[in-house]
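>>> Sequence first, predicted model second:
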Amino acid sequence: MPWRESSVMEERLRFVAQVLDGEPMSDVCRAFGISRKTGYKLFKRYQEHGLEALSARVKVSAPEFAICSSFEFLSKLNFSELP
């Protein structure tokens, strides 16, 4: 029997459906391998924003000043002040 592929959205939809069917949150979270904190957060997002809240969220990248190469970092150091 081949593995069944599913998207993040499908898994989250299945999760919410089981909670809406009245299954205890702790049991559903255990079945999906997530913490109760994550389960409640996901369910709350669904209640507030509907199905669109179940899609994968885009992470915001770090501020530009936090990303620099080692060379850039070292070139900004003032080695003349070292003992």
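Okay, I see it.
>>> count of neighbours near Lys37?
9 (other C-beta atoms under 10 Å). From N, CA and C alone the C-beta is placed, and that goes for glycine too.
>>> Distance check, it against Cys29.
9 Å (C-beta to C-beta, to the nearest Å).
>>> Also Ser35?
Distance of Ser35 to Cys29, given as C-beta to C-beta: 7 Å.
>>> Surely Tyr40 and Met25 touch.
Yes. Shown here, Tyr40 and Met25 form a contact pair, counting by C-beta atoms under 8 Å, at 6.7 Å.
>>> avg pLDDT for stretch 16-35?
Averaging pLDDT along stretch 16-35 yields 96.
>>> If I follow the layout properly, Leu13 ends up in contact with Glu52?
No. If you go by C-beta under 8 Å, Leu13 and Glu52 don't touch, sitting 11.7 Å apart.
>>> who has more neighbours, these two?
For Leu13 versus Glu52, neighbours defined as other C-beta under 10 Å are more numerous around Leu13 (15 against 9).
>>> Buried ones in the helix or strand hosting the more buried one, by neighbour count?
Counting by DSSP states H and E, the element that carries Leu13 is helix 8-20. Within helix 8-20, the residues that count as buried by 16 or more other C-beta atoms under 10 Å are Arg12, Phe15, Val16, Gln18, Val19.
>>> Fine by me, thanks again.
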